[in-house]
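Undergrad: got a predicted structure here, sequence first:
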Amino acid sequence: MSLNELIARGIRQQSNRFREHNEVVRRRVADAVDALGLVLPGESFRERLLKGNALALAPGEHGGSVLDKEDTALQGVAPGAALTRRLVVENDAVIENITVSTDEGDNCVNVKSPATVVFRGCTFERPLTSATSVVAVDAGAKVVLLGCVFRGSATTAQPVVSHGGPAASVQIAFCYNKTGNTLFAGGTATGTGNV
């Protein structure tokens, strides 16, 4: 066997070892991501358990979703976790540090009855051409918006947060309304410390 053949065989064996090592590393990283419940950009996310789901969105763009399982926690693990389509919440949930930005003519978020939902530190962005509310809360649903930011156009008479039920069912506190529209219509929500 020539020297060149020995070198080529050695390189192939070493290359196979690197390939095997890389495969092991990829599996370990995938296992760690799965164990953390981390949803990477572009991946679909869904509630796998009947109750108590915890979904952690990595920074980047994610599609919208329908959350219908009880006690779901949806959280952005770092700034930049964004939903680019509508979020519909049909059951109790806590949603933190997520940006919801839709290009559609729909609301960014629709909370269905009988859900109770807490939004903390979220940003809601609506396109300039939209004629809908940013957050729509059905009668019978309850929502707390705490420290959220609302961005978008002032081209509609719709309030930023629309609600057809009693004012006590929607609490808006310490939020920043940058839309130019009214944050909520009198008698449909209660607010404190909003700018």
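TA: Received the coordinates, thanks.
Undergrad: and stretch 121-137, how far out from the chain's middle?
TA: Relative to its chain's centre, stretch 121-137 lies at 14 Å (Cα atoms, centre = their mean, to the nearest Å).
Undergrad: ugh, wrong one, stretch 139-154
TA: 14 Å.
Undergrad: residue 25: what secondary structure?
TA: Secondary structure state of residue 25, per DSSP: H, G, I helix; E, B strand; the rest coil, is helix.
Undergrad: run a quick neighbour tally on it.
TA: As a burial measure, residue 25 scores 10 neighbours (other Cβ atoms under 10 Å). Placement of C-beta: from N, CA and C, glycine included.
Undergrad: and for residue 36?
TA: Applying the criterion other Cβ under 10 Å, we find 12 residues in the vicinity of residue 36.
Undergrad: and the pLDDT at it?
TA: Note on residue 36: pLDDT of 75.
Undergrad: beta-bridge partners for the nearest residue to it once chain neighbours are set aside, please?
TA: In space, not counting the residues next to it along the chain, residue 36 is nearest to residue 56; the distance is 6.4 Å by Cβ to Cβ, 6 or more residues apart in numbering. Per DSSP bridges, residues listed as beta-bridge partners of residue 56: residue 38, residue 75.
Undergrad: isn't residue 56 right up against residue 35?
TA: No - the pair residue 56 and residue 35 fails to qualify as a contact (Cβ atoms under 8 Å) at a distance of 11.1 Å.
Undergrad: between these two, which is the more surrounded one?
TA: With neighbours defined as other Cβ under 10 Å, residue 56 and residue 35 compare such that residue 56 has more, 18 against 8.
Undergrad: OK, contacts around that one?
TA: For residue 56, the set of contacting residues under the criterion of Cβ atoms under 8 Å, 6 or more residues apart in numbering consists of 36, 37, 38, 39, 75, 76, 77.
Undergrad: same question, residue 185
TA: Contacts for residue 185 were tallied using Cβ under 8 Å, 6+ apart; they are 159, 162.
Undergrad: and if you look at the one 10 residues further on?
TA: Residue 195 sits next to 175, 176, 177 when contact means Cβ under 8 Å, 6+ apart.
Undergrad: let's see 6 Å
TA: Contacts of residue 195 were listed using Cβ atoms under 6 Å, 6 or more residues apart in numbering, and they are residue 176.
Undergrad: next one, pLDDT for it please.
TA: Residue 195 carries a pLDDT score of 79 in this model.
Undergrad: and what of residue 185?
TA: pLDDT recorded at residue 185 is 88.
Undergrad: also the one 5 residues further on?
TA: With respect to pLDDT, residue 190 has a value of 90.
Undergrad: so it bridges to which residues?
TA: Applying DSSP bridges to residue 190 yields these beta-bridge partners: residue 171.
Undergrad: burial count for it?
TA: Burial of residue 190 is recorded as 14 neighbouring residues (other Cβ under 10 Å).
Undergrad: I am finished for the moment; much appreciated.
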